[in-house]
Every structure is written in C-alpha cells, then in structure tokens.
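In: Sharing a model prediction with you, sequence too.
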Amino acid sequence: MAHSKSAKKRVVIAERNRVRNQAIKSRIKTMIKKVLVAVEAKEVETAKAALSIAYKELDKAVTKGVLKKNTASRKKSRLTAKVNAL
C-alpha cells in the first residue's frame, strides 16, 4: 500500500480513471454492436442512425484519451464499410 499522501492520492485517482475508462469502452462496444445488429438485419436507416451515434462515442473516447486516434479511425472505417455495403 502507498505510504505518502501523494501516492495515496494517485491510487484514488487511478481507480477513478479506470472506472471512467471502463464505462466509456463499454458504451463504445454497445454502440458498435447496435450498428452490427442493424447491418445483420439489413435495416439501412437504423444502421445509419446507429453509425452516427457510434461515431460520436468514438470521437468522445479519443478526446478523453481512452482510445488512440488511429484506433477510432480504424473502427469507424470498418463500420462505415459494412453500412455502405447494404
């Protein structure tokens, strides 16, 4: 366990950030899954709406530092390709 005051503070902050990052990643996975489910069901309008929300969540994760820019770009590109294939 941490001994100094600053080390104890870092433990608290690290845990808070971990929980926040976990929530953001979970939300991203949910939004991606919604797009993929709509694509599987061949629902074009639903897929496009879900894609828009997924884009927003991915961009937000990049600004928060949860995902790297290229990772978000890759995920967006792959989702867009699947939606455009409809």
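Out: In hand now; what should we look at? These figures come from a predicted structure and were not determined experimentally. Numbers count the residues shown, from 1 in each chain.
In: Can you list the residue ranges for helices in this protein?
Out: 5-40, 44-64, 69-84 (DSSP state H).
In: With respect to burial, which of those scores highest?
Out: helix 44-64 (a mean of 16; mean count of other C-beta atoms under 10 Å). In this view, the C-beta of every residue, glycine as well, is placed from N, C-alpha and C.
In: any idea of the angle that helix forms with helix 69-84?
Out: Angle of helix 44-64 versus helix 69-84, following axes from the mean of the first three to the mean of the last three C-alpha atoms, to 10 degrees, is 180 degrees.
In: how close does A41 sit to K8?
Out: Distance of A41 to K8, given as C-beta to C-beta, to the nearest Å: 50 Å.
In: What's the local residue count around H3?
Out: Look at H3: counted by other C-beta atoms under 10 Å, it has 7 neighbours.
In: who's in contact with it?
Out: For H3, no contacting residues are found, by C-beta atoms under 8 Å, 6 or more residues apart in numbering.
In: Once you drop chain neighbours, what's closest to the residue nearest to the spatial centre of the chain?
Out: Nearest to the geometric centre of the chain sits I28, at 2.9 Å (C-alpha atoms, centre = their mean). Leaving aside its chain neighbours, I28 sits nearest to E57 (5.1 Å; criterion: C-beta to C-beta, 6 or more residues apart in numbering).
In: Contacts only, for the one you found.
Out: So E57 contacts 24, 27-28, 31 (C-beta under 8 Å, 6+ apart).
In: Could you tell me the per-residue confidence at it?
Out: Note for E57: predicted pLDDT of 97.
In: Could you do V37 as well?
Out: V37 carries a pLDDT value of 97.
In: Tell me how far it lies from A23.
Out: V37 is 21 Å from A23, where distance means C-beta to C-beta.
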